[in-house]
Every structure is written in structure tokens, then in C-alpha cells.
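Undergrad: 3D, please:
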Amino acid sequence: MKKLLLLIFFGISRAFFAQADCATALAVCGNSNITYSPLGIGAVNENLGGCLSSGEHNSIWYKLTIATSGTLTFDLVPNDPGADYDWAIYGPNVSCGSLGSPIRCNAATVVGVGASTGMNMTSTITNALGGSPTPYCKYMDVLAGQTYYLYIDNWVDVFNPTIAPFALTWGGTATLASPFTDPATQPYPFTPPGVPAANPADPREVVVCVNPAVFDFSTLTAGILNGNPNFYVSYHTSQNDALTGNNAITVPTLVNMTSVYYYSIGYTDPANPTSPLNKCKQIGTFKFRDGKITTKNATLTQCNNNNAGTALYDLTTADVFADPTVTKKYYNTLSDLNAGINEITNPMAFISAEATIYVKVTSTFGCSGIAQITLKFHPVVTVTDATLRSCSIESSPSTASFNLTSAPVTGVTGVVKKYYPSATDAANQTNEILTGTAYIAPSGVVYVRVSNAQGCYNIAKVTLVVIPPVYSTTLKDKIICVEDKTTLDAGPGFNSYLWSTGATTQTITNVGVGTYWVKLKTGDCTVLQNVKVYPSEQPVVSNIEISNTTVTVYVIGGTPAYKYSLDNINWQDSNVFTNLKRGDATIYVKDSYDCDPIDISIVVPNLVNVITPNGDGYNDIIDYSALANKKNLVMNIFDRYGNMIFQVDKSTGYKWEGNTRGGVKVPTGNYWYSVGWNENDKMSTPIKYSGWIVVKNRD
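TA: Sure thing, here's the model as predicted:
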């Protein structure tokens, strides 16, 4: 079974003599290797017998107990081939006072032949006297429970003076009793104290948190024993003391970091206080290592973004101790740290103003130290709010195009500016305005996130002002006579003028009907204002009524009041003309704009008031065929009751002979007639001429 501790070591000190007698023989505990350097003899020069006739020289005694039956062999090898070792085994089950003759004995002279000696499976001898060239004896068949004594002597004389340690290795199928190899006595593995050294061959290291340290060795015992009953541990400053149990360290002791310390695991058989197993020891070594935690204070600097007064810190990045295996706990105050209360539970995302934080650093060995973490702000990104003014867009006068990058929000160089529609967007970096050099917007605000090389930012507000268009209140559309000219005046107060005519004066003259524009500059803004010169609306003669020599003119359109004339010289306000001569006439009309008048030609028909349709050739008919060139010429004849009795038109040759539509002559009497037509002008002016006629039928 793999051992976690060093197995039995037997002293190599030349000052160690107590186990050189049979009565004080060392116990062999299990089949573990033995190393020893005997020097001198014990208190008694034993009667050895057998091949050993010359007595003891530099000797050691061992007592071994068989755990399981089988064959038993061993190899004894001096570390100096000049050393001559003799040995003998007594038993089984003998006592030191009556050992009897050895059952195996070897005093062979092996110097120069080979220093190794012992028992093996090939030798057939059981006894080799001095001078024998056979260094090995025959193996032993042993039974469980038997005990034997093994005597080993480093023989010397004037010819062979070499004294050297030996190493003994057990072989065969039998096993030797040991409380350290029996699961009944040692159910659990022992746990060596401390941790492995950097060089695995060096003693293990027990870490202490102060140096120099007063250490209580007993605090290691429970860990070493690992729950194994009937074992005990003692601590020593030398290997010999660890083997003998002498000079145990029993009180807290000042230790150093250079000395090697020893621990010795011993066994007490609760059923047999005199059991040879009670003399078995396992020893191991350890040293102390200075595990003191030496922390260093650190400073963390973060951004006081947007002058919020706090920053986000990752306390775990503070370089207070380099070992990544330590644990760190963070506190707002030293008193909280010492009391172990109010620990900061979010050290990786700790929001704080500038402050001092305390961190307790604890190693895997339980050593701890305290460091301060100073929380600082980077210099604030300095910003100022700004205002941008921009001329309105002509097609959308409530908006303007703003160059946000020109807003003087900071004088710091090397910063990055990004633009957002709201303060929340600027803080969260959402909905960024990507058209910063030509941002179309109405009057309002945008926000600039100004960031420096450390990632710190501040937010400035930029007020956007749309400069409204300034138009002329003087310049108005005009109505003039189409043949006239006028003056357009944009009014005073503008920085410059530019007319569509090319003129750069406040006014332009000799302007006729048409559409014009002028660019008016106020400050840095220029607006384009359109103006129209309309022709006045011409009046229209809607119809004319002629009654005998009276002409009534009806006018629509244009701009009243109207004026009327028959010669374009003399004008009257009335639309009625009287006592006109029969025949053609021209009527002139103009409205209040006094433009060139419109004119219309009319005919005042020759009045026929009496016809005598008797066939005598005189006044037999009414004849308006002279008006046949007029459009829509119609004459209707009515009796005194208003009934139409005849219609004169193209089919009648525009003539009436005093008869009805059935060709019957009408009775003598008074009749009314109405003549209507449309003049052959562009307006097809309707003319209505009415009157009465007397018809005398003498038949």
C-alpha cells in the first residue's frame, strides 16, 4: 500500500546506544526498509553463540513478529563495500535471557568479495563461520505469530577498521507485523502535515502567518492521525529523538523557517501494553514556511460619467496581492472588516463616489492581510450647453438643416462626440443621430455625448433654433390693366435684394402682368418671395335689351362700378341709353380699373308698328331678314293674352304676314313680339328687342 508518510527510520546517530542490547531491541514494523549505522555495543556484551564467537563490535538488535506465514529473506547492504557485517537470528519465541543457538548465522568474510549479506532462496547453508566465502544463508519458513531476534554487527579489527551504515531490505512471502500495515489497526491513511515543498525531495512545509512564530505543534496532530485510533504523535527537533520519543515538544514553541522538525507516530496496543508493536514508529519531517500576507494598497480610477457623482468600479481588479488563489472580501469601513459585517457583495460592479475601500486578503493557509483601495475619478470631461441657429428650409419653413458638429460644447481636444435625440439615448447610446453634419429638424434640442480616451463622458444639450423666414409685408400681388405697367416694392429693412429681373434694388418699375420673385436677405438667411401681377378681369356684357329706341346694357364680371359710353369719350354711370337712332351702334363698357373698354356692336332695328296684310304691297309683312346674319335669330308673336301664335325664324325667311302657325290670318288687333339673337362678337352677346304691332286685316 502506498504510504503518505516516511516509514520507519532507525537512528544513524553515533551517539545512539540504547537499542544495542537484546532486552531493548528495536521493533521491526512491517516489511519496510531499515537503515542504521551501529556504533559500539549496548550495556551488555551478549552471549551470541553459533558462528559469532568473538563478541560484539558495533551492534544493533531487532525484534520481529510474523504477521502472515511464508518464506522470509533479507538483503543487508553496507553503503561502504569495505564494511564487514555479521548477523544472527534467534527463535522462534525465545527470550533475551535464553536465546539459545542462532537458527541462522553468518560471519563470512566478504570484504573484497562483496559486502552484501543476508538470506536468500538459493543458499542451502544455515551457518557460515568466520572466513567463510558464503555471505548468504538459506531462507526461513516462518509462521504467523512467531517472534524472532535479529542481531547485526559491524565487525572491525586493525585490518578491517571500516564502520559504515547499512540498508536492510526484506523479501520472501511472509509479512512482518506492523500496526501501520494492518487495516484493523490503521483503517485510514495518515496525512502528513503541511504542503509539498517546491522540491518534492525536501521536507513538507507548514505555513505560518507570522515570522518569527510561536507554534503549537499539537494543532497538527488530529490532521496527521486522520481518525486512526490508538495512535499518538510526538514532535522533535532530531531524528534520534523522534525514534526514541525523547525530548518531545509539548508546549507552544518559537520556531524558525530553516530548521527541520520531526514528527513521530507511535502505537499503543490497547489489549497488550507490552506488545512489541508498541515500539513501532513512523517518523516524518517538515519545515515551517513564512506565509505572511503582505498586501499593498491600490488605487482604482474610473469615470464620473456625466458628472453623476459616482462611478462603476470592479474592485477585484485592484492589485493588492498577486496570488490568484487567495480570497478577497471588501468592506466600506475598517470596522466592518474587523467585525466581518456588511461585506460588499457586488465587488465586480460597485457603484460609488470617491472613497476608500478596505479589502481582507486571505490565503489558502488562512493567513490574511488588509489593504486599502482608493477609489478616484478621472478628470471630468468638461462640456457646456450650446445653441445652434439655422435658416429655415424654404420647402419646410418649420425645419432647418443643422451642422451639429459645429456646436461649441467643449474645448478639449482628442474627444469623441456623438449625437442623440434625448438625454436618455445619450446615456444609453441608443438611437444615435448619424447625419450630424446635416441634421434636419424643427426648433428643439439634441444631446451630445462627449467621450475622452479613458471612456469617460459628459452630456451637453444643444438647443436648435430654426430662424423663421422674414418676408416682405409690403410686397403684395397686384391687379393692373393688362396694357398697363406698375412698380413692385419689397419694402425696406433687408440686407440685400435680388429680383427675378436681375435687379438688386428695393423696387422694380415698369413691370407688366406676370409672375416675379425676389430673394430677400436678412442676416445670413435668404428667403424667396413670389409676387404676381394679375391682369384685371374684363367686364362682360351679358345681354342687351332694345325696346324701340331704348337700349339697356347688362354687364357682369370685372370690378364694379361700371361706366358706359356710345362714343368712348363721353361716359355715363347708367346702363340705359335712350333715343338711339335706328341702325348700327357701338356700346363701350369699362369697370372701376378704368382699363381699355370693351365694345360691342348692336343693331337698333327699324320699328314697324302697323301691318295691313292685304296684298297691296304696302306694309303687308314684318321682315327681319336683314338680321339673318345674326346667330340664333328668332322672333315670337304673342296675342294680348301672352299666347305665342307664331314664330319667325329661318324657315319663314324671318318674315311674318299676320297669320297664325296654321296659316289663318289673325284678327285685327294689337300684338306683341320679341326678337332675340346673339351678336357675332367673341362673347356672342345676347340681344333682346321687343315691341308691339297693330295688325289690320280688312278681309
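Undergrad: what stretches of the protein score poorly on pLDDT?
TA: The chain contains residues with pLDDT under 70 at 1-19, 110-114, 607, 698-699.
Undergrad: Could you pull out the helices in it for me?
TA: 221-225, 239-244, 334-339, 423-428 (DSSP state H).
Undergrad: Need the winner for burial among the ones you listed.
TA: Comparing the helices of the chain by mean neighbour count (mean count of other CB atoms under 10 Å), helix 239-244 comes out on top with a mean of 21. Using the backbone N, CA and C atoms, a C-beta is placed for each residue, glycine as well.
Undergrad: before we move on, the earlier item: which of the helices of the chain sits closest to Ser401?
TA: Across the helices of the chain, Ser401 has its closest neighbour in helix 423-428 (20.9 Å, CB to CB).
Undergrad: any chance of the helices of the chain in a markdown table, with distance to Thr522 too?
TA: Shown next, in a markdown table, are the helices of the chain (distance: least, CB to CB, whole Å):
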| stretch | distance to Thr522 |
| --- | --- |
| helix 221-225 | 94 |
| helix 239-244 | 107 |
| helix 334-339 | 68 |
| helix 423-428 | 33 |
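Undergrad: between those helices, which gets nearest to Ser98?
TA: Using CB to CB, the helices of the chain put helix 239-244 closest to Ser98, at 27.1 Å.
Undergrad: what's the closest one packed up against?
TA: strand 261-267, strand 281-290 (3 or more CB pairs under 8 Å, 6 or more residues apart in numbering; DSSP states H and E).
Undergrad: In space, what's closest to Pro92 - neighbours in sequence excluded?
TA: Spatial nearest neighbour of Pro92, excluding adjacent residues (CB to CB, 6 or more residues apart in numbering): Gln146 at 3.8 Å.
Undergrad: Report the contact partners of the one you found.
TA: The contact partners of Gln146, by CB atoms under 8 Å, 6 or more residues apart in numbering, come to Thr65, Ile66, Gly91, Pro92, Asn93.
Undergrad: Restrict these to the buried ones and give me that as a ChimeraX selection.
TA: The following ChimeraX line selects those of those that are buried, judged by 16 or more other CB atoms under 10 Å:
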select :65,66,91,92
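Undergrad: List just the nearest of the contacts of Gln146 to Asn428.
TA: Thr65 (82.5 Å).
Undergrad: what about Pro200, how many residues close to it?
TA: Residues near Pro200, counting by other CB atoms under 10 Å, number 7.
Undergrad: repeat for the one 5 residues further on
TA: Applying other CB under 10 Å, we find 20 other residues in the vicinity of Glu205.
Undergrad: quick one: it and Arg289 touch, right?
TA: Yes. Contact criterion CB atoms under 8 Å: Glu205 and Arg289 qualify, at 4.0 Å.
Undergrad: Touching both of the two, which residues are there?
TA: The contact sets of Glu205 and Arg289 overlap at Gly194 (CB under 8 Å, 6+ apart).
Undergrad: surely Asp84 meets Asn160?
TA: Yes. Assessed by CB under 8 Å, Asp84 is found in contact with Asn160 at 5.2 Å.
Undergrad: When those two are compared, which one has more neighbours?
TA: A side-by-side neighbour count of Asp84 and Asn160, using other CB under 10 Å, places Asp84 first with 26 against 15.
Undergrad: Which residues does the closest residue to Lys329 other than its chain neighbours form beta bridges with?
TA: Leaving aside its sequence neighbours, Lys329 sits nearest to Lys360 (CB to CB, 6+ apart; 4.8 Å). On the basis of DSSP bridges, Lys360 is bridged to Lys329, Ile370.
Undergrad: Residue numbering should commence at 34 henceforth.
TA: Sure, I'll start counting at 34 from here, so that last one is Lys393.
Undergrad: I figured Lys393 hits Cys400, correct?
TA: No. Between Lys393 and Cys400 there is no contact under CB under 8 Å: 11.2 Å.
Undergrad: quick one: the strands in the stretch 34-183 of the chain?
TA: 59-61, 67-69, 92-101, 103-111, 117-123, 137-139, 150-153, 160-161, 169-171, 173-175, 180-188 (DSSP state E, counting those that start in this stretch).
Undergrad: Show residues contacting the fourth one.
TA: Strand 103-111 is touched from outside by 99, 118, 120, 148-154, 172-175, 185, 187, 197-208, with contacts defined as CB under 8 Å, 6+ apart.
Undergrad: Now with 7 Å, please.
TA: 118, 120, 148-154, 172-175, 185, 197, 199-207 (CB atoms under 7 Å, 6 or more residues apart in numbering).
Undergrad: Check the last one too.
TA: Residues lying outside strand 180-188 but in contact with it, judged by CB under 7 Å, 6+ apart, are 55, 58, 71, 81, 89-98, 109, 116-126, 132, 196.
Undergrad: so Tyr472 touches Ala433, yeah?
TA: No. Counting by CB atoms under 7 Å, Tyr472 sits too far from Ala433 to count as a contact (9.1 Å).
Undergrad: sorry, back to before: neighbour count: Lys393 and Cys400, which is higher?
TA: The neighbour comparison of Lys393 against Cys400 (other CB under 10 Å) goes to Lys393, with 22 against 18.
Undergrad: wait, which of the helices of the chain is closest to Asp632?
TA: Closest approach to Asp632 among those is made by helix 456-461 (73.9 Å; CB to CB).
Undergrad: what's the spacing between that closest one and its chain's center?
TA: Put simply, helix 456-461 sits 15 Å off its chain's centre (CA atoms, centre = their mean, to the nearest Å).
Undergrad: From the contact counts, what lies against it?
TA: Packing partners of helix 456-461 (3 or more CB pairs under 7 Å, 6 or more residues apart in numbering; DSSP states H and E): strand 477-484, strand 490-500.
Undergrad: how about the ones you listed, which one is nearest Asp369?
TA: strand 490-500 (32.6 Å).
Undergrad: buried stuff in the closest one?
TA: For strand 490-500, burial by neighbour count (16+ other CB under 10 Å) applies to Tyr490, Asn491, Ile492, Ala493, Lys494, Val495, Leu497, Val499, Ile500.
Undergrad: which residues touch it?
TA: Strand 490-500 is contacted from outside by 336, 338-340, 413-414, 416-425, 431-433, 435, 437, 440, 442, 456, 459-460, 474-484, 558, using CB under 7 Å, 6+ apart.
Undergrad: go again using 6 Å as the cut-off
TA: Outside strand 490-500, the residues within contact range by CB atoms under 6 Å, 6 or more residues apart in numbering are 338-339, 414, 416, 418-422, 424-425, 433, 435, 440, 442, 459, 474-484, 558.
Undergrad: repeat for stretch 283-299
TA: Where contact means CB under 6 Å, 6+ apart, the residues beyond stretch 283-299 that reach it are 236, 245-249, 264-269, 272, 275, 314-321, 323.
Undergrad: Could you tell me which of these count as buried?
TA: Taking 16+ other CB under 10 Å as the criterion, what is buried in the contacts of stretch 283-299 is 236, 246, 248, 264, 266-269, 272, 275, 314-321, 323.
Undergrad: and Ile185, what are its bridge partners?
TA: Using DSSP bridges, the bridge partners assigned to Ile185 are Ile93, Trp120.
Undergrad: circling back: PyMOL command for the buried members of the contacts of strand 490-500?
TA: Selection of the buried residues among the contacts of strand 490-500 in PyMOL, burial being defined by 16+ other CB under 10 Å:
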select buried, resi 338+339+414+416+419+421+424+425+433+435+440+442+459+474+476+479+480+481+482+483+484+558
